[in-house]
Every structure is written in structure tokens, then in C-alpha cells.
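Colleague: Turn this into a model:
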Amino acid sequence: MKKRIAILAVITASFLLTSCRQHETVKAQQGTKPRLIVVEDSMSYRIYVDKETKVMYLRTKQGYGEALCVMVDADGKPLLWKETEL
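Modeller: Numbering: from 1, shown residues only. From the prediction side, this is the model:
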């Protein structure tokens, strides 16, 4: 009985350790720089900025689901990043 519990504990621990993922990085093709950069990162969301258009995007994750949407201002227009350094 103790042997079964020990085996179950090892299997559970290995499952939990292998199911954790590291943060993804935005990868570009060789020789090019990524177009989207991360400007804010949290456990449940990430904000990206398009370097060419300065438009901001919000990515959220809950469980197995993900959503990506354009951030908008009060008038419904795309929210633009105002920082000068990208």
C-alpha cells in the first residue's frame, strides 16, 4: 500500500512539474526584429505594442483559453502607445 502511494506521489509530482510552461517570447524570422513588443506583463494578461502603428493589444489567458483584442479609447478608436522609445 505504501509503495502504491509513493508511486502515485511521484507520478503526480512529475505531472505537475512538466505541465508548467515558461513565458513565450515573440519570435521573428531570422534577420528581422519582432514587430510586437511586450510593454506590460502580468500573471493573467500581457499588453503588446505594434512598433510600426503604436496600436496596443491585450492578451488574456484563463485556463486553456486565450483572447487577443485591440485596446480602444473612450471613443472606440484604437489606443496608441505614447512612449517614444520602442
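Colleague: Any chance you could list what contacts stretch 35-45?
Modeller: 23, 26, 28, 46-52, 56-62, 81, 83, 86 (CB atoms under 8 Å, 6 or more residues apart in numbering). C-beta here means a position set from N, CA and C on the backbone, and glycine is covered the same way.
Colleague: From the opening residue of that stretch to its closing one, how far?
Modeller: The first and last residues of stretch 35-45 sit 19 Å apart, counting by CA to CA, to the nearest Å.
Colleague: What average pLDDT does it get?
Modeller: If you average the pLDDT over stretch 35-45, you get 91.
Colleague: ranges for the helices of this protein?
Modeller: Using DSSP state H, the helices of the chain run over 2-19.
Colleague: for it, which spans come out with low pLDDT?
Modeller: Along the chain, the model assigns pLDDT under 70 to residues 1-31, 84-86.
Colleague: the strands in it, which residues?
Modeller: Ranges of strands within the chain are 36-41, 45-50, 56-62, 65-70, based on DSSP state E.
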